[in-house]
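Colleague: how would this look folded up:
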Amino acid sequence: MPVLPHHGRYAYSAITDRPDFTWPDGRRLAVYLGMNLECFAFGEGHGAELAPGGPQPDVLNYAWRDYGNRVGAWRMLELFDRLQVPCTVLANSHLYLEAPGLIEAYAARGDEIAGHGRTNAERQGTLPESEERALIAEATETLTNHGHRPKGWLGPWISQSAVTPDLLQEAGYEYLLDWCHDDQPVWMQTRAGRILAIPYPQELNDIPQIVGRKREGAEFGDMICDAFDVMLEESARRPLVMGIALHGYLMGHPHRFKHLARALAYIAETGGDRVWWTTAGAINDHYRGLQL
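Modeller: Okay, here's the model as predicted:
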C-alpha cells in the first residue's frame, strides 16, 4: 500500500489510550477564550468579509472589521470583567499603532498576550523561510518591547509553511495554536527540539461559523453551550481543553454579543468548580510541568 505524505510532527494517538492527569485543583475541563485582536490594511491585503467585496478600497468590509477594535472588543472586555474570566489575547503587533490602548487594556486585567503575526492582512505560510523568520521576529520584538514576551503563537489566518513550527521553536516559542487536531495538548517535533500544540477551536470559532457557514449569534451561542455540556461530562473520564475563538468585529456586535454573554454565563453557572477558566499559556505551563 502506498504511504501517504506525512507532516512528521506527531504520531497518531487515540485520546482513550493516554495517561490520565488533572488540571490545577483536580479540575478536569480547562476552558479558555482566544480573543483575536487584529488589524487590516486599507485598500489591499486579506480580510474577512461581511458581504462580497467590491474594487479596492473596500470600505464596507474594512470599516466593518474596524468596528471590532473601536467598539466590539471593548464591549467584550467589559463582559469578561463582569464574569471575571481571563482570556488569551491573540495580538497582531501592528495593533499597538493602529488601535493604541486596546491591547494594553486587556493586558492591564492580567490577560495573556500571545503572538498573532503583524497584521491579518497577510499570510505567513506563503513567504520564503527567511521572510517568515523575519515576520516572526518583528512581531515578537514589538510585543516584547511593550512588556509582553509571548510564549504562544497563532498564525494570521492559521497560516503555516512547512517550517513554521521549526521557526517558532527556534524563536523561543513554547506553544502554537494552529493545529485543531485534538482536545488535549500534543507535543510536536521540530528540527531543533519540540513545541507544544494547544487545542485551538475551528468549530467554536466565530469566523468559520458566522462568516463561513453563515450561522448567526444565537446558534453560535447554542453551539458553545452544547459543546460545553458534552465536554464537561466527558472530562470525568479524561482531562480536556475547550477553547472558544472570538473576534470583536463578529461577536462584539450587539445582536451577537447577547448570545456570547448568555453562553459564557451558562458555563460559569453550570461548571462551577469543575471548570478551570484559564489561558492557553497557563495550559502550556501546567502541561509541561506534568512531564508526560
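
Colleague: low-confidence ranges in the protein?
Modeller: Low-confidence segments of the chain (pLDDT under 70): none present.

Colleague: let me see the ranges of the strands in it.
Modeller: For the chain, applying DSSP state E gives strands covering 29-37, 88-91, 112-115, 152-153, 175-176, 186-190, 193-197, 240-247, 275-278.

Colleague: what sits up against the fifth one?
Modeller: Residues lying outside strand 175-176 but in contact with it, judged by Cβ atoms under 8 Å, 6 or more residues apart in numbering, are 151-155, 164-165, 168, 185, 188, 195-198, 280-281, 284. Where C-beta positions appear, they are placed from N, C-alpha and C, glycine not excepted.

Colleague: can you do 6 Å?
Modeller: By Cβ atoms under 6 Å, 6 or more residues apart in numbering, the list of residues contacting strand 175-176 from outside reads G152, W153, L168, I195, L196, A197, I198, N284.

Colleague: how about the residues you listed in JSON lines, adding distance to P57 and neighbour count?
Modeller: Shown next, in JSON lines, are the contacts of strand 175-176 (distance: Cβ to Cβ, whole Å; neighbours: other Cβ atoms under 10 Å):
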{"residue": "G152", "distance to P57": "33", "neighbour count": "27"}
{"residue": "W153", "distance to P57": "30", "neighbour count": "27"}
{"residue": "L168", "distance to P57": "33", "neighbour count": "26"}
{"residue": "I195", "distance to P57": "38", "neighbour count": "23"}
{"residue": "L196", "distance to P57": "40", "neighbour count": "20"}
{"residue": "A197", "distance to P57": "37", "neighbour count": "23"}
{"residue": "I198", "distance to P57": "36", "neighbour count": "29"}
{"residue": "N284", "distance to P57": "40", "neighbour count": "23"}
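
Colleague: now distance to E269 too, for those residues, in TSV please.
Modeller: As requested, these are arranged in TSV below (distance: Cβ to Cβ, whole Å):
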residue	distance to E269
G152	29
W153	33
L168	37
I195	36
L196	31
A197	31
I198	26
N284	28
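
Colleague: please identify which of the residues you listed is nearest to M1.
Modeller: Checking the contacts of strand 175-176 against M1 by Cβ to Cβ gives A197 as the nearest, at 27.8 Å.

Colleague: quick one, helices of the stretch 51-200 of the chain?
Modeller: 59-67, 73-83, 95-98, 102-108, 129-145, 164-170 (DSSP state H, counting those that start in this stretch).

Colleague: out of these, which gets nearest to G115?
Modeller: G115 lies closest, by Cβ to Cβ, to one member of those: helix 129-145, at 5.4 Å.

Colleague: got the CA positions of the closest one in CSV?
Modeller: Extracted C-alpha coordinates of helix 129-145, given in CSV (Å, rounded to 0.1, in the frame of the first residue of the first chain):
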residue,chain,number,x,y,z
GLU,A,129,11.7,30.9,5.0
SER,A,130,13.9,34.0,5.6
GLU,A,131,10.9,36.3,5.3
GLU,A,132,8.8,34.2,7.5
ARG,A,133,11.5,34.2,10.1
ALA,A,134,11.7,38.0,9.9
LEU,A,135,7.9,38.3,10.3
ILE,A,136,8.0,36.2,13.5
ALA,A,137,11.0,38.2,14.8
GLU,A,138,9.4,41.6,14.1
ALA,A,139,6.1,40.7,15.7
THR,A,140,7.8,39.1,18.7
GLU,A,141,10.0,42.1,19.2
THR,A,142,7.1,44.5,19.1
LEU,A,143,5.1,42.6,21.7
THR,A,144,8.2,42.2,23.9
ASN,A,145,9.1,45.9,23.7
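
Colleague: contacts made by that helix with the rest, please.
Modeller: Helix 129-145 is contacted from outside by S93, G115, G117, R118, Q124, P150, S161, V163, L167, A171, using Cβ under 6 Å, 6+ apart.

Colleague: out of those residues, grab the one that's most surrounded.
Modeller: Counting neighbours by other Cβ atoms under 10 Å, the top entry in the contacts of helix 129-145 is G115, with 29 neighbours.

Colleague: now do the same contact list for it.
Modeller: Applying Cβ under 6 Å, 6+ apart, we find G115 in contact with A139, T140, P150, W153.

Colleague: center of the protein, which residue is that?
Modeller: G34 (3.9 Å; Cα atoms, centre = their mean).
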